[in-house]
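Asks: Show me the folded form of this:
(one chain, ligands or ions: 1)
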Amino acid sequence: MLLAVLCLLAVLSFLIITTAAMSREHGEMQQARTSMMRARQLAESGIAVAAHPLIKAGDPLLQNHVSGIESYEAKVTTEERLLNLNALLTAERLPLLERIFMSWGLSLADAQDIAATLMDWTDADDLKRRPGSAEKLDYQHEGLPLNRPFASLDELERVARVEELNAAKPDWRTWFTLRGNGQLDINTASAEILAAVTGAPIEKAEQLVSSRTGPKGAPIQSLEEVAAILGIAGSDTSFMTLSGPTRHVESIGRAGDASCGIALVLDLNGGTPRMVEWREFSVKGAGLP
Ligand SMILES: [Ca+2]
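Replies: The predicted structure is shown next:
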């Protein structure tokens, strides 16, 4: 009898402990969900501020510590800080792309072959531009190349010889966009991209970037100024702009341990802002450079 009572007590204790553990776990999951919702809400608040046409990069409103554990931090730049791959794939702009590939350590012949392969991928005909480029007969799969402009950067992974780009520049994706007006924004582009695309030494490109940032920094006012700083007077600057019309904003919201990142691309051309892209990203290792 005593044994039976003891057994019953043991079972009851087990049930009580298990139920308490399950209920604690449920409570923790609930808490994590609430924190995540709050983090997303905070990220959206940052996006709302950053998307406002009057907000400029560096505005103190872009950062807000709502409480000790809740905050958002937003950044404003332009999509034209990156190179529009489709815009580079024209006879006129192709030498720029070849120069970029060479800045990644590829030989002139390889740079020209790979740039031509990208052109072959997008142009309507099936005629190879160079012996080292690729058209229909060089692809194993039916329907390749697509013979139209790139619709996503993922498509690049299917292009012949892309493994050479992956080897030369594993983070090539951070250089290109398919948004924007096709020009390069001198006031938001990185020193690396500016040096590669103009052929200027990286030190001069860094000098240009520090002249527009920092406590005494001011936006570059003219393309002549750009040419003077980079030492490229007389070069073609028609692919450059002083102010890209496509706004790129990113915002990270944090609530306790939870965080949420949102990126938004807004076309401001023509007065009325038009949303071109909205995506969430995981915060670790992401964000604007
Ligand atoms: Ca083609």
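Asks: Can you list phi and psi of residue 245 for me?
Replies: Backbone torsions of residue 245, given as degrees, to the nearest 10, read phi -80, psi 0.
Asks: Can you give me the neighbour number for it?
Replies: Per other CB atoms under 10 Å, the neighbour tally for residue 245 reads 17. Placement of C-beta: from N, CA and C, glycine included.
Asks: quick one: pLDDT of the closest residue in space to it that isn't next to it in sequence?
Replies: The shortest distance from residue 245 to any non-neighbouring residue, by CB to CB, 6 or more residues apart in numbering, is to residue 269 (4.5 Å). Residue 269 is assigned a predicted lDDT (pLDDT) of 80.
Asks: Residue 269 contacts residue 246, doesn't it?
Replies: Yes - with the criterion set as CB atoms under 8 Å, residue 269 and residue 246 qualify as a contacting pair; they are 7.4 Å apart.
Asks: The two: who's more crowded?
Replies: More crowded of residue 269 and residue 246, by other CB under 10 Å: residue 246, with 24 against 12.
Asks: re earlier: identify the contacts common to residue 269 and residue 246.
Replies: Residues touching both residue 269 and residue 246 by CB atoms under 8 Å, 6 or more residues apart in numbering: residue 181.
Asks: interface residues of this protein facing the ion?
Replies: Within the chain, the positions lying close to the ion (CB under 5 Å from the ion) are 120, 123, 147.
Asks: I'd like the distance between the first one and residue 167.
Replies: From residue 120 across to residue 167, the span is 21 Å (CB to CB, to the nearest Å).
Asks: now the second one
Replies: Going from residue 123 to residue 167 by CB to CB gives 25 Å.
Asks: At the geometric centre of this structure, which residue do we find?
Replies: The centre of the chain sits closest to residue 174, judged by CA atoms, centre = their mean, with a distance of 5.7 Å.
Asks: Which of the three states applies to it?
Replies: Each residue gets one of three states, and residue 174 gets helix by DSSP: H, G, I helix; E, B strand; the rest coil.
Asks: Just the pLDDT for it.
Replies: 96.
Asks: Then residue 16?
Replies: On pLDDT, residue 16 comes in at 74.
Asks: In terms of secondary structure, what does the helix or strand hosting it contact?
Replies: Assessed by DSSP states H and E, residue 16 sits inside helix 2-50. The helices and strands touching helix 2-50, judged by 3 or more CB pairs under 8 Å, 6 or more residues apart in numbering; DSSP states H and E, are strand 63-65, strand 70-78, strand 246-255, strand 258-267.
Asks: And the ones you listed: which comes nearest residue 158?
Replies: Closest of those to residue 158 is strand 258-267, at 24.2 Å (criterion: CB to CB).
Asks: Give the other helices and strands that the closest one contacts.
Replies: Counting by 3+ CB pairs under 8 Å, 6+ apart, the elements that strand 258-267 packs against turn out to be helix 2-50, strand 246-255, strand 274-281.
Asks: quick one, the shortest one and strand 246-255 angle?
Replies: This points to strand 274-281. An angle of 40 degrees separates the directions of strand 274-281 and strand 246-255 when computed by axes from the mean of the first three to the mean of the last three CA atoms, to 10 degrees.
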